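Asker: Compute the structure for the input listed below.
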Amino acid sequence: EGGARCAAAESIMANVNASASASSVGALVEDSSAEKGMGALGMQSPGLQEIGKQAVWSLSTAKPGNGVEQIRDDSTETYWQSDGTAPHTISIQFSRQEVISCVALYFNYSLDESYTPKQIVLRAGTGPYDLREISSKVLTEPTGWHCLPLESDSSSMEDAIHAFHLEISVMSMHQNGKDTHVRMCKIFGPRQKHAVDFCTGFHFETVEHTQFMTIR
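Answerer: Down below sits the predicted model:
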């Protein structure tokens, strides 16, 4: 099941990369808000949902105006720019243990050149002090979405991981660059099973319906 979810994520990322010239991918990612609703990603992969909005995000360093907001704004035109010495890190802290099916990053080597990450290490744990290395990936002039492996020495991501805390470390950049650019970061987990109203037998699938199906 974990392998199927990851394969679906990789297939979707390939489709997104085919349209990489678009300035926004908001329509390609499911959002819980009524304004955006379910995007193409949710429809193409019913087993996955973006769970990054449930976490607290922080960065090791950032230039003013190029921080967390820019890495999460669904735009390929904005980016996080670090402001210090490597490694440059993205820390993602969840309030509860989450199942992580895919960690996806968006790059644009043609625009960012020496700022583009070359080696990335993914770590996971219950907090910042017990992180263990999950995988390391070397990139070659990347443009578009890239999913990080979820197990060591693997490029196909066969298994999901369970974690409270994720840390994405950019260890080095192309052309021996000092600082880095990352244009987007998305965290995907398995979609919760569809809720059923036992009074009517109907299956509720959308956020708008399931939030009103019970009385508190």
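Asker: Do I have it right that Y106 meets R183?
Answerer: Yes. Using Cβ atoms under 8 Å, Y106 is in contact with R183, at 4.5 Å. Any C-beta I mention is one placed from the backbone N, CA and C, and that applies to glycine too.
Asker: what do those two both touch?
Answerer: Shared between the contact lists of Y106 and R183 (criterion: Cβ atoms under 8 Å, 6 or more residues apart in numbering) are residues T76.
Asker: Next secondary structure after the helix or strand bottoming out on mean pLDDT in the chain?
Answerer: In the chain, the helix or strand scored least confidently by mean pLDDT, DSSP states H and E is helix 40-44, which has a mean of 34. The helix or strand immediately downstream of helix 40-44 is strand 48-50, counting by DSSP states H and E.
Asker: Who are the packing partners of that next one?
Answerer: helix 2-17, helix 40-44, strand 184-190 (3 or more Cβ pairs under 8 Å, 6 or more residues apart in numbering; DSSP states H and E).
Asker: in this protein, what spans have low per-residue confidence?
Answerer: Across the chain, the ranges flagged by pLDDT under 70 are 1-46, 152-159, 193-216.
Asker: where along it do the strands fall?
Answerer: For the chain, applying DSSP state E gives strands covering 48-50, 55-59, 80-81, 88-100, 102-108, 117-125, 132-138, 143-148, 161-173, 181-182, 184-190, 195-196, 203-204.
Asker: Buried deepest among these, which one?
Answerer: Neighbour counts (mean count of other Cβ atoms under 10 Å) averaged over each of these peak at strand 181-182, with a mean of 26.
Asker: Check which helices and strands it is in contact with.
Answerer: Helices and strands touching strand 181-182, by 3+ Cβ pairs under 8 Å, 6+ apart, are strand 80-81, strand 102-108.
Asker: at 10 Å instead, please
Answerer: The contact analysis (3 or more Cβ pairs under 10 Å, 6 or more residues apart in numbering; DSSP states H and E) places strand 181-182 against helix 68-71, strand 80-81, strand 88-100, strand 102-108, helix 109-112, strand 117-125, strand 161-173.
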